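Trainee: Fold the following, please.
(chains A and B)
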Amino acid sequence: EAQVTQNPRYLITVTGKKLTVTCSQNMNHEYMSWYRQDPGLGLRQIYYSMNVEVTDKGDVPEGYKVSRKEKRNFPLILESPSPNQTSLYFCASSSGLEKLFFGSGTQLSVL
Amino acid sequence: GEDVEQSLFLSVREGDSSVINCTYTDSSSTYLYWYKQEPGAGLQLLTYIFSNMDMKQDQRLTVLLNKKDKHLSLRIADTQTGDSAIYFCAERNPQRSASKIIFGSGTRLSIRP
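Mentor: Numbering: from 1, shown residues only, chains lettered A, B, ... in the order given. The predicted structure is shown next:
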């Protein structure tokens, strides 16, 4: 089944403790992206990748890192999480941007 | 920067039509999308329309595009309880950016019995 898999679904952590949210897709898509969803603000793009070893900043990249060592994986790294990074995070992938495939989301709470 | 705006909430009676509206600022937007987000799930593409089209119909869904006013709407006929979700309008202009889709804030559709 074609899908984008994110893990974990829920994560509670404390300020400053490094964490990684994984994202994997099985559709051989070149394009992958991370978004955060906050009430009233919709989806805001954090980082995106057009292909392996090619990543770029979206609208709200501060406090986040990504890597794209393999085509299928695009992990999101928070080196030192802060409470303002409490949010619902979505990974998405696409072959041509006409249609984005989204993961089920990761609800992150930073205390 | 470019923007997409939607109202946050819409409540309709079961069986009525729902109309969700969206405005956007980029007059050169090429692709306009409607995504649906059900509770606890990611977004799924419902439908999209090219900027050279005025209307697109797909079963109970009708998308209308007014390019002059930069206004997009999604009409859901015979609204059912399963249509309860958040609906996101989005736009893309490949000439502005090859990699970016701009999303609105989402409209939460609730269905009254």
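Trainee: number of nearby residues for residue B:39?
Mentor: Neighbours of residue B:39 under the rule other Cβ atoms under 10 Å in any protein chain shown: 7. Using the backbone N, CA and C atoms, a C-beta is placed for each residue, glycine as well.
Trainee: ugh, wrong one, I meant residue A:73
Mentor: Around residue A:73 there are 16 other residues, counting by other Cβ under 10 Å.
Trainee: Next up, the contacts around the nearest residue to it once chain neighbours are set aside.
Mentor: Once flanking residues are discounted, residue A:73 sits nearest to residue A:24: 5.2 Å by Cβ to Cβ, 6 or more residues apart in numbering or on different chains. Residues near residue A:24 by Cβ atoms under 8 Å, 6 or more residues apart in numbering or on different chains: A:4, A:5, A:72, A:73, A:74.
Trainee: do residue A:55 as well
Mentor: Contact analysis of residue A:55 by Cβ under 8 Å, 6+ apart lists A:47, A:48, A:49, A:66, A:67, A:68.
Trainee: what helix or strand is it on?
Mentor: Following DSSP states H and E, one finds residue A:55 within strand A:54-57.
Trainee: Name the residues of chain B found near chain A, please.
Mentor: B:4, B:8, B:31, B:35, B:40-45, B:48, B:88, B:92, B:94, B:98-101, B:103-106 (Cβ under 8 Å from any Cβ of the partner chain).
Trainee: For chain A, see how far away residue B:14 is.
Mentor: As judged by Cβ to the nearest Cβ, to the nearest Å, residue B:14 and chain A stand 26 Å apart.
Trainee: Against residue A:62, how distant is that residue?
Mentor: Noted for residue B:14: a distance of 44 Å to residue A:62, by Cβ to Cβ, to the nearest Å.
Trainee: near chain B at all, the helix or strand just after the strand holding residue A:55?
Mentor: On the C-terminal side of strand A:54-57, the nearest following helix or strand under DSSP H and E is strand A:65-66. No - no part of strand A:65-66 sits close enough to chain B to count as contact by Cβ under 8 Å from any Cβ; the gap is at least 13.5 Å.
Trainee: neighbouring contacts of strand A:65-66?
Mentor: Contacts of strand A:65-66 with the rest of the structure, by Cβ under 8 Å, 6+ apart, involve A:34, A:46, A:47, A:49, A:55, A:74, A:75, A:76, A:77, A:78, A:79.
Trainee: Need the max-distance pair from the residues you listed.
Mentor: Spatial extent of these (Cβ to Cβ) is set by the pair A:49 and A:79 at 18.4 Å.
Trainee: Settle it for me: which of those two has more neighbours?
Mentor: Neighbours were tallied for residue A:49 and for residue A:79 using other Cβ under 10 Å; the higher tally belongs to residue A:49 (22 against 12).
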